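>>> can't give you the sequence, but here's the structure:
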């Protein structure tokens, strides 16, 4: 098995579309491992390449990611939110451009979920390639902790980035298990700041965080229309 795509899911109405999109767009030996933290995806994607984990009671996003990686069979893993579209041959492109001490992040677009395509926008926010870490300001969004901020700059197809959003990242399974030692389930809460934990551990430990502009994914910005699928 080449790649295991890890999808932590809790009540997203777009989980089934995300799973099917991964299966349709992959060109390597790729499986999907889904942690169902509460209600089953509807419709349920029944495919021999898909494995579901369903804890007896909700355990949170971090537990779900760790549990999925534990049963993953791929040499590589890619975590993906349960409301994302991916680029054609994303798995082949990421694998062919990877080094063992890297964490790769594909170029990010916004998702038009109802039409299942990259959202058409008139602003210049997307695509997002680079992010940096900022700290909260009182009364502003994300005032519960550190957060990544989009950063416009020029660079090559594969380039260093200080931070990432956390909705999609790629690495070897060995790197996740033996360098990152998984995601901490203490000190961060159930939901937030996985990108900060991975980024800090990677850079401080001699690894590299890389944006790969040769492929992409599109992520749904839920806002007030959909609310959060996971809760802190």
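Nice, I can see it. Here the structure is a predicted model, which is why all the values come from computation and not from measurement. Numbers count the residues shown, from 1 in each chain.
>>> drop to CA atoms for contacts and neighbour counts, all remaining ones
Will do.
>>> and the spatially closest residue to residue 50 that is not a sequence neighbour, how far is that from residue 14?
Excluding the flanking residues, the one nearest residue 50 by CA to CA, 6 or more residues apart in numbering is residue 32, at 4.8 Å. Distance of residue 32 to residue 14, given as CA to CA, to the nearest Å: 15 Å.
>>> the more surrounded of these two?
Neighbour totals were compared for residue 32 and residue 14, and residue 32 leads with 27 against 21 (other CA atoms under 10 Å).
>>> Confirm that the more buried one lies within a strand, as I assumed.
Yes: under DSSP: H, G, I helix; E, B strand; the rest coil, residue 32 falls within a strand.
>>> Looks like it contacts residue 48 (just checking).
No: the criterion here is CA atoms under 8 Å, and residue 32 misses it with residue 48 at 9.5 Å.
>>> can you pull out the helices in this protein?
15-25, 61-71, 90-96, 173-174, 194-204, 223-226 (DSSP state H).
>>> wait, which of those helices is closest to residue 150?
Among these, the nearest to residue 150 by CA to CA is helix 194-204 (13.6 Å).
>>> list the helices and strands that closest one packs on?
With contacts taken as 3 or more CA pairs under 8 Å, 6 or more residues apart in numbering; DSSP states H and E, helix 194-204 sits against strand 208-219.
>>> orientation of the strand it packs on relative to helix 194-204 in degrees?
Interaxial angle, strand 208-219 versus helix 194-204 (axes from the mean of the first three to the mean of the last three CA atoms, to 10 degrees): 160 degrees.
>>> Report the distance from strand 208-219 to the chain centre.
11 Å (CA atoms, centre = their mean, to the nearest Å).
>>> Point out the other helices and strands that that strand packs with.
Checked by 3+ CA pairs under 8 Å, 6+ apart, strand 208-219 has strand 84-86, helix 90-96, strand 102-112, strand 158-160, helix 194-204 packed alongside it.
>>> buried set for the last one?
Judged by neighbour count using 16 or more other CA atoms under 10 Å, the buried positions of helix 194-204 are 194, 195, 196, 197, 198, 199, 201, 202, 203.
>>> Next up, the contacts around residue 195.
By CA atoms under 8 Å, 6 or more residues apart in numbering, residue 195 lies in contact with 163, 164, 165, 166.
>>> do residue 160 as well
Taking CA under 8 Å, 6+ apart as the test, what residue 160 contacts is 208, 209, 210, 211.
>>> The last one - nearest residue in space that isn't next to it in sequence?
Leaving out its chain neighbours, the residue that sits closest to residue 211 by CA to CA, 6+ apart is residue 105, at 4.8 Å.
>>> How much space separates that neighbour from residue 134?
Residue 105 is 19 Å from residue 134, by CA to CA.
>>> ok, those two, which is more surrounded?
The neighbour count for residue 105 versus residue 134, taken as other CA under 10 Å, is higher for residue 105 (29 against 13).
>>> was I right about that one contacting residue 171?
No: counting by CA under 8 Å, residue 171 is not a contact partner of residue 105; they are 9.2 Å apart.
>>> pLDDT weak spots in this protein?
Low-confidence segments of the chain (pLDDT under 70): 136-145, 188-192, 222-232.
>>> Centre-most residue in it?
The centre of the chain sits closest to residue 168, judged by CA atoms, centre = their mean, with a distance of 2.1 Å.
>>> show me the contacts for that one.
So residue 168 contacts 78, 79, 80, 81, 105, 106, 217 (CA under 8 Å, 6+ apart).
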